Each structure stands twice: as structure tokens, then as C-alpha cells.
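1. Sharing a model prediction with you, sequence too.
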Amino acid sequence: MLQFITRPGTGRYTPVEQIRLVMEAGCRWVEIDMPGATDNEVRNVAMDVIRECEQTNTILIIHGHIDVVEELRVSGIHVHTIEEGEEARQRLGAHAIIGVDATDADTVKALKAKDLDYASLHMSVPDELAAIVDEVKRAGVDEPVVASAGVTLDNMEQILATGVNGIAVGNAIASAPDPMLYTGQMLEKLLNVKP
């Protein structure tokens, strides 16, 4: 699985343009992440792409901004903590996809009990990723784990070999001379990597 995370100010494309380019390349999971943006700014970006996401069956996640997620009823939300995830589940209901940041196995293992959907591991050292994934699997937890720090075309095979369920990529795609081509290359490599 490839998740694209918008990177405002990176590269030459706006968040809306970034999302359209990766969707055109075949990416079907995007996250609007606009640090420091207001609800209204995030809402405007979401409104510009929401119909295209629906037409292409693209999952649309918004980082934070729970009021906007609740209003627009997009696919879900990404939050920083388990506690924020619990609040999001209460407010957004069972249909919402809720992702939580994690830096250790205990956070990932807590997902199931809290009815949260996936963990985003903000680390790029393969040995650290592999250790967390191994501990989580030994605990019988099968909620997806996504590697979300520093993933590029050059290191994605090594990162996928750790056992993560997917990768989340922002800067590498947004800063690429041709984000659509780069996304397509990542998707092709994902198809060819043996689990």
C-alpha cells in the first residue's frame, strides 16, 4: 500500500495539484497534511479533490482538523495519539478510518482495544522497524503498520522487507521533478516486491 501525504511548500505543486498527480498515477490513498493551516484552508483543499477521490475510490484522510473531517465525512483522520484516536472514533463513528502515530510496539498493540485502524511508524531505520513489526506480530496484533519517515524509491524495498504493511510518502514524491512519474515508479516497485 502506498499512501501519499501532501507537503505544502515542497516542490512546485500545491497540495491540490500534488493529490491530482498521484491519483492520476494510480495512488488510491491520500492524506491532506497542512501543518499550521486553518480549518478553512484544509477544507478548501479537501473540497477541491473530494469528488475526484470518490470517483476513483481513493481513500481521503485529513491530518488533524477533526471538525473538517466530521463536516465533510471524508474517509478518515490521522492523529498523533491513542487518546486523540479514541476521541475521533467517538465523534466520527465506526465508518471512519483512524490512523495514529507510533514510535513503539506498545502503541501499535493498543490499536485493537481502542478500535483504531492503523499505526504510522515515524522511523526509517530498517532494524528498528523490523523489531517493532516482529513484536506486534508475536502479540497477535494484525492492525496495519505503515512506515512513514524518509521513504524513497531507493530505500523502499529495504523498508518493505521489515514486514510493514505499507509506506507513506510525502517529501520524496512532492519534491520529485515529476511527481506523477515518481508515484508510478513506487507503485510498480510495490507490485514487484515479494512480501
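-> Sure, I can see it.

2. What score does the closest residue to residue 35 other than its chain neighbours have for pLDDT?
-> What sits nearest to residue 35 in space, not counting adjacent residues and going by CB to CB, 6 or more residues apart in numbering, is residue 8, at 7.7 Å. Quick note: C-beta positions are derived from backbone N, CA and C, even for glycine. For residue 8, the model assigns a pLDDT of 95.

3. Tell me how far residue 8 lies from residue 28.
-> 22 Å (CB to CB, to the nearest Å).

4. What residues of the longest helix belonging to the chain count as buried?
-> Identified as the longest helix of the chain according to DSSP state H is helix 39-55. For helix 39-55, burial by neighbour count (16 or more other CB atoms under 10 Å) applies to 41-43, 45-46, 49-50, 53.

5. What of stretch 175-191?
-> Quick answer for stretch 175-191 (16+ other CB under 10 Å): 176, 179-180, 182-187.

6. In the chain, mark out all the strands, start to finish.
-> 2-5, 29-32, 59-63, 76-79, 97-102, 118-121, 145-147, 166-169 (DSSP state E).

7. Relative to residue 192, which of the ones you listed is closest?
-> Of all the strands of the chain, strand 2-5 sits nearest to residue 192, with 13.1 Å by CB to CB.

8. Please enumerate the helices of the chain.
-> In the chain, helices defined by DSSP H lie at 15-25, 39-55, 66-72, 82-92, 105-109, 126-138, 156-160, 171-174, 179-192, listed in chain order.

9. Against residue 109, how distant is the residue of the chain most remote from its centre?
-> For the chain, the largest distance from the centre (CA atoms, centre = their mean) belongs to residue 138, which lies 24.2 Å off. Note on residue 138: its distance to residue 109, by CB to CB, is 10 Å.

10. do the same with residue 126
-> Distance, residue 126 to residue 109, using CB to CB: 21 Å.

11. try residue 191
-> Residue 191 is 30 Å from residue 109, by CB to CB.

12. Repeat that for residue 24.
-> Applying CB to CB to residue 24 and residue 109 gives a distance of 37 Å.

13. higher neighbour count, those two?
-> Higher neighbour count among residue 24 and residue 109: residue 109, with 18 against 14, using other CB atoms under 10 Å.

14. Pretty sure that one sits against residue 136.
-> Yes - if you go by CB atoms under 8 Å, residue 109 and residue 136 touch, sitting 6.1 Å apart.

15. quick one on the thing from earlier: make TSV from the strands of the chain and add distance to residue 155 to it.
-> Listed next are the strands of the chain as TSV, based on distance: least, CB to CB, whole Å:
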stretch	distance to residue 155
strand 2-5	14
strand 29-32	20
strand 59-63	23
strand 76-79	22
strand 97-102	20
strand 118-121	14
strand 145-147	10
strand 166-169	10
